[in-house]
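predicted model and sequence below, questions to follow.
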Amino acid sequence: MAWSAPGLFVVTQLAVFTNTLTTLNWGAEDHKFAFWTASATPNYGTDTAYGSAPWNSGESSGAGYSTGGPLLLGTTMTHVSGSIKFDADNIELADSTITAEGGVGYADALSNQLLFGVWFGELLETQDGLFLITWDSLGIALQDLTPA
């Protein structure tokens with residue numbers, strides 16, 4: 001099995017809600033977004049950190065990409081109709097030669113704690129071109145907090 005959906009990493013969410021990860025600031029601008037090939041299979045229920053299985057093998061590489069991925073800049077947390085929206089500036093890697101099917105956002109300053117995963121829907125490639133990630137208008141992650 002490989003990528004099939006985006007999601008938030010549950011272990012991180014539970015740590016925030018149970019007050020064991022009190023220093024996580026989703027709006028910090030030291031989070032990163034690492035690109036991954038089709039070899040990664042996220043487990044949103046149990047995966048904990050970039051650099052730990054399965055996030056210790058299969059990271060994208062190539063011209064224009066540095067191991068660990070680019071910083072997420074322009075991060076925001078806002079309230080949208082009973083939901084919390086996390087967003088950041090789009091990612092642009094010019095003159096790149098990269099193959100990636102998705103990526104993970106992680107808190108570099110907090111032992112690489114995983115925040116979210118994004119599946120691109122297919123394997124994407126650049127050959128000395130622009131690798132552009134344009135986030136959805138609803139943001140990178142939207143967590144609905146309204147009662148069902």
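Done, it's in.

contacting residues for Trp135?
For Trp135, the contacting residues are Asp87, Ala88, Asn90, taking Cβ atoms under 8 Å, 6 or more residues apart in numbering as the criterion. Placement of C-beta: from N, CA and C, glycine included.

what subset of these is buried?
Listed as buried from the contacts of Trp135 are Asp87, Ala88; burial here means 16 or more other Cβ atoms under 10 Å.

what about stretch 3-22, start to end distance?
30 Å (Cα to Cα, to the nearest Å).

mind pulling up the pLDDT for the residue nearest to the spatial centre of the chain?
In the chain, the residue lying closest to the centroid (Cα atoms, centre = their mean) is Gly105, at 2.5 Å. Looking at Gly105, its pLDDT is 97.

doesn't it fall inside a strand?
Yes: counting by DSSP: H, G, I helix; E, B strand; the rest coil, Gly105 falls inside a strand.

ok, it touching Leu115?
Yes: when contacts are counted by Cβ atoms under 8 Å, Gly105 is listed as touching Leu115 (4.4 Å).

between the two, which contacts overlap?
With contacts taken as Cβ under 8 Å, 6+ apart, Gly105 and Leu115 have His31 as neighbours in common.

so which of the contacts of Trp135 belong to strands?
Helix and strand membership here follows DSSP state E; of these, those in strands are Asp87.

as CSV, the contacts of Trp135 with distance to Gly58 would be great.
Formatted as CSV, the entries for the contacts of Trp135 read as follows, by distance: Cβ to Cβ, whole Å:
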residue, distance to Gly58
Asp87, 27
Ala88, 23
Asn90, 24
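
ranges for the strands of this protein?
Assigned strands in the chain, in chain order: 7-8, 31-36, 76-80, 83-87, 91-96, 99-107, 113-125, 129-133, 141-144 (criterion: DSSP E).

using JSON lines, lay out these together with distance to Pro70.
Conversion of the strands of the chain to JSON lines gives the following (distance: least, Cβ to Cβ, whole Å):
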{"stretch": "strand 7-8", "distance to Pro70": "20"}
{"stretch": "strand 31-36", "distance to Pro70": "6"}
{"stretch": "strand 76-80", "distance to Pro70": "17"}
{"stretch": "strand 83-87", "distance to Pro70": "16"}
{"stretch": "strand 91-96", "distance to Pro70": "6"}
{"stretch": "strand 99-107", "distance to Pro70": "10"}
{"stretch": "strand 113-125", "distance to Pro70": "13"}
{"stretch": "strand 129-133", "distance to Pro70": "9"}
{"stretch": "strand 141-144", "distance to Pro70": "18"}
